[in-house]
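# Please find the sequence and the predicted model below.
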Amino acid sequence: NFKSKIDGIDEDYIQNACAVFYNKRYWLSYTSSGQTSNDKILVVDSITGACTEYDYGVNAFYLDLENNLYGAGNSGFVYQLDTTNQDVTTDISSYWQSKYLDFGLPGVTKKLKEFTVYMSLATESMTFTFYTDQGRQDWEKTVTPTSAAITEYRNSISKEMVGKRFRLKMAHDGGERFKIYQVIFKYEVISRGGVV
């Protein structure tokens, strides 16, 4: 029952506990007796009082803009919760996205020519997507690195991308974490149809 589960929380690690109210249920991740990090999730239905316990813990909950619930696990992975049980072992898409970049020249039209990314990702594919100005997707390409070492990935933009601001999104669907060390952009400033 609910009370016995709460009584089983290790008081020495109560500060690790985190909770969220989602889909008419209370979700509590906590450290059970004899453990040193969150290893259980207790879910209590606010209408029926039904209680379910899962044998994995998270350090933080997150609700995205589409009202999906995620949890940051102890191993460094992020899990989508309140979905099929298979999700516990299935990787979900992760990505990094830059802010809109104007390269210090707001209001000036630029032509993006090339980008270089220094990253580490051993075997899984990475998708690069560029957006211009107000979110229009202009260019996308998927690559597969050949080494776990820091890799230089350089690509000329095959499509002419012109805009005042640009955003780069890098995404992959694998379980491997990736690191981005540096991103370099090469561009031209355009002025009334001519290159400055």
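On my side now, so go ahead.

# so what are the domain limits for this protein?
The record's domain split for the chain, according to automatic domain parsing, is 2-92, 95-195.

# In a markdown table, list those domains along with mean pLDDT and mean neighbour count.
C-betas here are computed from N, CA, C, even on glycine. Output for the domains of the chain, formatted as a markdown table (pLDDT from 0 to 100; neighbours: other CB atoms under 10 Å):
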| stretch | mean pLDDT | mean neighbour count |
| --- | --- | --- |
| domain 2-92 | 81 | 14 |
| domain 95-195 | 77 | 14 |
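
# Please report the distance of residue 160 from residue 190.
Counting by CB to CB, to the nearest Å, the gap from residue 160 to residue 190 is 10 Å.

# Now for these two: what residues contact both?
Common neighbours of residue 160 and residue 190, counting by CB atoms under 8 Å, 6 or more residues apart in numbering, are residue 111.

# just checking, residue 166 touches residue 105?
No: checked against CB atoms under 8 Å, the pair residue 166 and residue 105 is beyond contact range at 11.7 Å.

# For this protein, which segments count as helices?
Using DSSP state H, the helices of the chain run over residues 2-7.

# I figured residue 155 was touching residue 130, is that so?
No: in this structure residue 155 lies outside contact range of residue 130 using CB under 8 Å: 10.3 Å.
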